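A.B. asks: Predicted structure and sequence below. I'll ask about it afterward.
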Amino acid sequence: MTIGDTDRRAESVPHIDDLWEGDLMGVIVDGKPVVLVNIDGTVYAYANRCPHQEFELSDGDLEETTLTCSRHLWEFDVTTGCGINPADARLAPYPCHVDADGTIVVDVTGGSKPTPGAAS
Ligand code: FES
């Protein structure tokens, strides 16, 4: 889905009212799994697979800005996509924004990939 292409919204992409602040949600956008996170009204989008062993990040826990993968407890700062533990891992970001009508728009055309980090 291309940012600004308001006629091609995936039905699975929610309205901002469906993603509460401090919450995360897994969705499929144009066939790609995406995890959405709402931090103080700002929505971040990442590939919904952990850089470690590709477990779904949407099954993890979110505490403030730290997302902890439920599989082996790797931690990420969702405001940057950077690993906390391990520090060299990176989430795979997708550009996203919230339209004036509240629709969350995610651009998955770039084929973003996570960085596993040296500990994987
Ligand atoms: S799959 Fe996420 S920490 Fe191992």
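C.D. replies: Structure received. Residues are numbered from 1 along each chain as shown.
A.B. asks: so does stretch 87-98 get close to the ligand?
C.D. replies: No - residues of stretch 87-98 are not located near the ligand by Cβ under 6 Å from any ligand atom, the shortest gap being 8.7 Å. From N, CA and C alone the C-beta is placed, and that goes for glycine too.
A.B. asks: Residue 91: how many residues sit nearby?
C.D. replies: Using other Cβ atoms under 10 Å, residue 91 is surrounded by 27 other residues.
A.B. asks: And the pLDDT for it?
C.D. replies: Note on residue 91: pLDDT of 97.
A.B. asks: how far away is it from residue 29?
C.D. replies: 16 Å (Cβ to Cβ, to the nearest Å).
A.B. asks: Give me the buried stretch members for stretch 49-68, please.
C.D. replies: 49-52, 55, 57-58, 60, 62, 65, 67-68 (16 or more other Cβ atoms under 10 Å).
A.B. asks: Quick one: end-to-end length of it, please.
C.D. replies: 12 Å (Cα to Cα, to the nearest Å).
A.B. asks: Show me what that stretch is in contact with.
C.D. replies: For stretch 49-68, the surrounding residues in contact (Cβ atoms under 8 Å, 6 or more residues apart in numbering) are 22-26, 33, 35, 37, 39, 46, 48, 69-72, 74-79, 83-84, 89-92, 114-117, 120.
A.B. asks: Also stretch 33-48?
C.D. replies: With contact meaning Cβ under 8 Å, 6+ apart, stretch 33-48 is reached by 14, 16, 19-28, 32, 49, 56-58, 62, 65, 67, 78-79, 81, 91-98, 104, 106, 108, 112-114.
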